[in-house]
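A.B. asks: A structural model of the following input is requested.
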Amino acid sequence: MSHESFRELNGKCSAIFQFTRGVRILEIILQASWVDFFNARIEAIGREYPTNTPTENKMAALREAALAFSLSEKAMRNKLAIWQGYKRIKDIGGWPALIFAEDGVYTICKYRVGFKDPALFSSLRDLRAAIELAADTVQPTWRRFLRILQIETTPTYTGHPHTWQIAANGIPVPLSECNYKWIQHYKLIEESVVDMDLWDHDPRRVSDGPKFTCNECGEQQDDDPHNNRCRCFPELYGGIKMPAPVQIFDTGTKANGLVARFEFQQGRAIGEFVGLITRGKVGVDVMEGGGPEPEKKYQISQGKQGNFTRFINHSCMPNCQFERFVWMGLERIIAVALRTVEAGKEVTVDYSGVYWDGLEKICKCGEPCCRYSKPRTVSTSS
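C.D. replies: Numbering: from 1, shown residues only. Below is the predicted model:
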């Protein structure tokens, strides 16, 4: 099969997959909603036959449903148990928690996986607003599934997912309304910007095109996913880009931080450190980059603009690290998981002595191995 034929076939399969996936989502929404109608029917039978026991009312409603669905009573009970699981997830975690659970939710509800563990649903309740934030900002059209079934809801959150902070009470707050003044005017950018008052070129440039080969894997790099062969960090470069599954949150002790919402396996990139490409700054938070020669050194400042990596806190026992990676001839600095970062864990890196030697700060990571718990002297060297 030729590349063109395979690509055409994939397009058709993808279209069918997306269609059936949408139908499945509608089915789950309807089944979770049906439980409410089933309960209402039980109550109606109870009013019609006041001498019935609650069990008799439930069985009468179950028999009616079994006839309507052309199922045996046993099969209907099994369906009901699964659908009640859907409803419980929806009631506690909100519609997005159910809709975006996808296929795995059927197995969970069929076998009641974790249903007897109070901590599971307690965690889901705590994450309800954070899940809705992710749904509204990453997949803002998700509510159309509810409208098809005449379930009216109003979008709560808009804009980019990383322009919101999860407050200490679990409720998302716009960064522009946070208590920290510097963050109220912070500009979110996707790519670094070179300060042309200090540079007449991009100091990150290490090679010219038109073709680029990865220094790590030796494969061809290309921003077009169809032409790219480098798979070192496909979540960042040369693949289909989606907002990183992380959220900014109030740590309570270290101001803002970054929390993982999905598991990052060891070696996976979290995001690129982007900001203003500058140089010569002393005594402020900057990322150092470039070669050993003075003319090749540069700094990335996230003081006024940058992305979510601005909120990655330091830890003397980090779960991630910053690495240099050349993409399309430009040196990039990216955060990469040192070990598996579980969902719900804070993303941290070790800022290193290069950072701490230049600042009069103390570390608040709280680790037993903390190396910077005492103030350090500001260095005046360039």
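
A.B. asks: ranges for the helices of the stretch 251-382 of the chain?
C.D. replies: 352-356 (DSSP state H, counting those that start in this stretch).

A.B. asks: try the stretch 1-150 of the chain
C.D. replies: Going by DSSP H, counting those that start in this stretch, the stretch 1-150 of the chain shows helices at 3-48, 54-69, 73-93, 95-99, 104-110, 118-126, 128-138, 144-148.

A.B. asks: The second one - contacts with which helices or strands?
C.D. replies: In this case it means helix 54-69. helix 3-48, helix 73-93 (3 or more C-beta pairs under 8 Å, 6 or more residues apart in numbering; DSSP states H and E). Using the backbone N, CA and C atoms, a C-beta is placed for each residue, glycine as well.

A.B. asks: Next, find the distance separating residue 148 from residue 284.
C.D. replies: Going from residue 148 to residue 284 by C-beta to C-beta, to the nearest Å gives 52 Å.

A.B. asks: Neighbour count for those two, which is higher?
C.D. replies: Shown here are residue 148 and residue 284; by other C-beta atoms under 10 Å, residue 148 has more neighbours (13 against 10).

A.B. asks: Just list the residues touching the more buried one, thanks.
C.D. replies: Under the criterion of C-beta atoms under 8 Å, 6 or more residues apart in numbering, the neighbours of residue 148 are residue 26.

A.B. asks: can you tell me which residues contact residue 329?
C.D. replies: Counting by C-beta under 8 Å, 6+ apart, residue 329 has contacts 205, 206, 207, 208, 209, 212.

A.B. asks: swap in residue 327?
C.D. replies: Applying C-beta under 8 Å, 6+ apart, the residues contacting residue 327 are 212, 221, 236, 237, 238.

A.B. asks: Now compare the residues you listed and name the two farthest from each other.
C.D. replies: 212 and 236 (15.0 Å; C-beta to C-beta).

A.B. asks: what's near enough to touch residue 56?
C.D. replies: So residue 56 contacts residue 49 (C-beta under 8 Å, 6+ apart).

A.B. asks: Residue 68 versus that one, what's the distance?
C.D. replies: For residue 56 relative to residue 68 (C-beta to C-beta), the value is 19 Å.

A.B. asks: how about low-confidence regions in the stretch 101-250 of the chain?
C.D. replies: Across the stretch 101-250 of the chain, nothing is flagged by pLDDT under 70.

A.B. asks: tally of neighbours for residue 181?
C.D. replies: 7.

A.B. asks: Pull the contacting residues for the nearest residue to residue 72 once chain neighbours are set aside.
C.D. replies: Distances taken as C-beta to C-beta, 6 or more residues apart in numbering put residue 66 closest to residue 72, at 6.5 Å, once the chain neighbours are dropped. Counting by C-beta under 8 Å, 6+ apart, residue 66 touches 72, 73, 75, 76.

A.B. asks: and if we set it to 10 Å?
C.D. replies: Counting by C-beta atoms under 10 Å, 6 or more residues apart in numbering, residue 66 touches 72, 73, 74, 75, 76, 77, 79, 80.

A.B. asks: Pull up the distance across stretch 230-247, start to finish.
C.D. replies: Stretch 230-247 has an end-to-end distance of 28 Å (C-alpha to C-alpha, to the nearest Å).

A.B. asks: Check which residues of that stretch are buried.
C.D. replies: 230, 232, 233, 235, 236, 237, 238, 244, 245, 246, 247 (16 or more other C-beta atoms under 10 Å).

A.B. asks: Give me the nearest residue to the fourth one, chain neighbours excluded.
C.D. replies: Nearest residue to residue 235, sequence neighbours excluded (C-beta to C-beta, 6+ apart): residue 269, at 5.7 Å.

A.B. asks: Quickly list what the one you found is bridged to.
C.D. replies: Assessed by DSSP bridges, residue 269 has beta-bridge partners residue 336.

A.B. asks: any idea how far residue 288 is from it?
C.D. replies: 20 Å.

A.B. asks: Who has more neighbours out of the two?
C.D. replies: Applying other C-beta under 10 Å to residue 269 and residue 288 shows that residue 269 carries more neighbours, namely 21 against 16.

A.B. asks: right, and residue 199 touches residue 279 too?
C.D. replies: Yes - applying C-beta atoms under 10 Å as the test, residue 199 and residue 279 come out as touching, 7.6 Å apart.

A.B. asks: between those two, what contacts are shared?
C.D. replies: residue 298.

A.B. asks: Between these two, which has more neighbouring residues?
C.D. replies: Each of residue 199 and residue 279 has its neighbours counted (other C-beta under 10 Å); residue 279 has more, 19 against 14.

A.B. asks: Go ahead and confirm the more buried one touches residue 198.
C.D. replies: Yes - between residue 279 and residue 198 a contact is recorded at 5.8 Å, counting by C-beta under 10 Å.

A.B. asks: Give me the common contacts of these two.
C.D. replies: Common contacts of residue 279 and residue 198 (C-beta under 10 Å, 6+ apart): 298, 299.

A.B. asks: Who are the contact partners of the residue sitting nearest the centre point of the chain?
C.D. replies: In the chain, the residue lying closest to the centroid (C-alpha atoms, centre = their mean) is residue 245, at 1.6 Å. Applying C-beta under 10 Å, 6+ apart, we find residue 245 in contact with 134, 138, 161, 235, 259, 260, 261, 262, 263, 264, 270, 343.
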